[in-house]
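# with the sequence up front, the predicted model follows.
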Amino acid sequence: MKIMNIFSHLDEFMLYIGSVMGRSNNTVVNYAVDLVQFADYLGASGITSVEELNQDCLRGFLRDLSGFGFSRNSIARKLSSLRGFARYLFKARVLDRDISVGLRGPKAVNSLPRAIAYEDILKMFEYAASARKKNLRDSMILELLYGSGLRVNELVSLTWECVNIDEREMRVIGKGSKERLVYFGRTAQEMLRRWKICAESNGRLTVGDAPIFYPEKINGKRLTARTVDRIVVSIAQNAGLNGVTPHTLRHSFATHMLERGAPLRVIQELLGHESLATTQRYLKITVEQMKKSYMETHPRSGGGQTE
């Protein structure tokens, strides 16, 4: 079996994780990028058949990544892709063992999610409401990202049949194609009603699988995640805030709910986290914020030193 066939195995693996395992399109793309890079490394290293693959191949690839200056988090992600592919090759009987067993990579940096203060959230809403162009659409994007804790891909995938405006709830499809129910406030409810009237007056469908968010002048298309990212970054910068992304609003949603007493399990369900351990990261961020506030404001704290 020649090395050229490794790309056939990669194609089959991509289909497997997408259709059988139900991984998102973004996950499939990330795996593909990592594993094509690995296949290129094998070719440059003179590996000519699948049977020659062993753990040394994996280690050599990881060493090369480190030498090229990839971050620990990037290498850890690529190692995860390698493990998934190695398990697949073993399961498909292409290899007689899982060559990734026992393989260790660099420990990923477990950085805390970033949340911004509610006062800063208000600044963004105020700027979006005062902007002359597309203010309703952009304000509604902020309302649902922050008010409902949506991921940006969940937001752009929303269709009218997913939303019950009267009940202030909507069905979203999260990671792994898993559906969950989330809620929105009265401000978002009023915005959605106005947006629906606006869309209908412009000849757009507001039933079934018609997208809620769409770009100007492109009928039938939905807004892209990249465009939403640009919208949020632009609003934040105009409001005097840097480093704010759609995911920042999702983190702020969870953190602010937790600070006001919402049970961790409820936040886990609203965010669509499979593991409670993922949600528990927000406990750390609130502790860090309390420590920072103490150090910055208490007269006996030591002059603002947080170390």
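Right, received. Where do you want to start? Numbers count the residues shown, from 1 in each chain.
# can I see the domain layout of this structure?
Split into domains by automatic domain parsing, the chain comes to 3-91, 118-297.
# which of these sits closest to residue 105?
Closest to residue 105 of these, according to CB to CB: domain 3-91, at 3.9 Å. Heads up, the C-betas are built off the backbone N, CA and C, glycines and all.
# roughly how far is that closest one from the heart of the chain?
21 Å (CA atoms, centre = their mean, to the nearest Å).
# then stretch 154-172?
Counting by CA atoms, centre = their mean, stretch 154-172 comes out at 19 Å from the chain centroid.
# what residues does that stretch touch?
141, 144-145, 148, 150, 173-174, 179-186, 188-189, 192-193, 196, 205-213, 222-225, 228, 246, 272 (CB atoms under 8 Å, 6 or more residues apart in numbering).
# what do you get for stretch 200-211?
In contact with stretch 200-211 (CB under 8 Å, 6+ apart) are residues 156-161, 196, 199, 214, 219, 221-223.
# again, 7 Å this time
Stretch 200-211 has contacts (CB atoms under 7 Å, 6 or more residues apart in numbering) with 159-161, 196, 199, 214, 222.
# now those in a markdown table, with neighbour count, secondary structure and pLDDT?
Shown next, in a markdown table, are those (neighbours: other CB atoms under 10 Å; DSSP: H, G, I helix; E, B strand; the rest coil; pLDDT from 0 to 100):
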| residue | neighbour count | secondary structure | pLDDT |
| --- | --- | --- | --- |
| 159 | 18 | strand | 94 |
| 160 | 19 | helix | 95 |
| 161 | 13 | helix | 95 |
| 196 | 17 | helix | 94 |
| 199 | 19 | helix | 89 |
| 214 | 18 | coil | 85 |
| 222 | 17 | coil | 81 |
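# of those, which is the nearest to residue 54?
residue 222 (45.3 Å).
# could I get the phi/psi values of the closest one?
Per-residue torsions, residue 222: phi -110, psi 160 (degrees, to the nearest 10).
# identify the residue nearest it in space, chain neighbours excluded?
The shortest distance from residue 222 to any non-neighbouring residue, by CB to CB, 6 or more residues apart in numbering, is to residue 211 (3.6 Å).
# coming back round to it: which one of the contacts of stretch 200-211 is nearest residue 45?
Closest to residue 45 out of the contacts of stretch 200-211 is residue 222 (42.8 Å), distances taken as CB to CB.
# does that closest one touch residue 212 like I think?
No - with contact defined as CB atoms under 7 Å, residue 222 and residue 212 do not form a contacting pair (8.2 Å).
# could you double-check that residue 141 lies in contact with residue 229?
No - counting by CB under 7 Å, residue 141 stays clear of residue 229, with 10.5 Å between them.
# neighbour count: these two, which is higher?
residue 141 (26 against 14; other CB atoms under 10 Å).
# mean confidence score for stretch 164-177?
Average pLDDT, stretch 164-177: 89.
# what do you get for stretch 90-100?
92.
# show me what counts as buried in that stretch.
Buried residues in stretch 90-100, defined by neighbour count with 16 or more other CB atoms under 10 Å: 90, 94-95, 98-100.
# now swap in stretch 116-124 and tell me
Neighbour-count burial for stretch 116-124 [16+ other CB under 10 Å]: 116, 120-121, 123-124.
# how about the residues you listed in JSON lines, adding secondary structure?
Output for these, formatted as JSON lines (DSSP: H, G, I helix; E, B strand; the rest coil):
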{"residue": "116", "secondary structure": "coil"}
{"residue": "120", "secondary structure": "helix"}
{"residue": "121", "secondary structure": "helix"}
{"residue": "123", "secondary structure": "helix"}
{"residue": "124", "secondary structure": "helix"}
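# what stretches of the stretch 151-300 of the chain score poorly on pLDDT?
Residue ranges of the stretch 151-300 of the chain with pLDDT under 70: 216-220, 289-291, 293-294, 297-300.
# quick one: the strands in it?
163-164, 169-173, 179-183 (DSSP state E, counting those that start in this stretch).
# out of those, which comes closest to residue 64?
That would be strand 169-173 among the strands of the stretch 151-300 of the chain, by CB to CB, at 37.1 Å.
# what lines up beside that closest one in the sheet?
strand 163-164 (antiparallel), strand 179-183 (antiparallel) (DSSP bridges).
# deepest-packed of those strands, please.
strand 163-164 (a mean of 18; mean count of other CB atoms under 10 Å).
# how close does the nearest residue to residue 223 once chain neighbours are set aside sit to residue 246?
Here the nearest residue to residue 223 in space, its sequence neighbours aside, is residue 213; by CB to CB, 6+ apart that works out to 4.0 Å. Distance from residue 213 to residue 246, counting by CB to CB, to the nearest Å: 12 Å.
# before we move on, what about residue 195?
18 Å.
# just checking, residue 89 touches residue 95?
Yes - here residue 89 reaches residue 95: they are 4.6 Å apart, a contact under CB under 7 Å.
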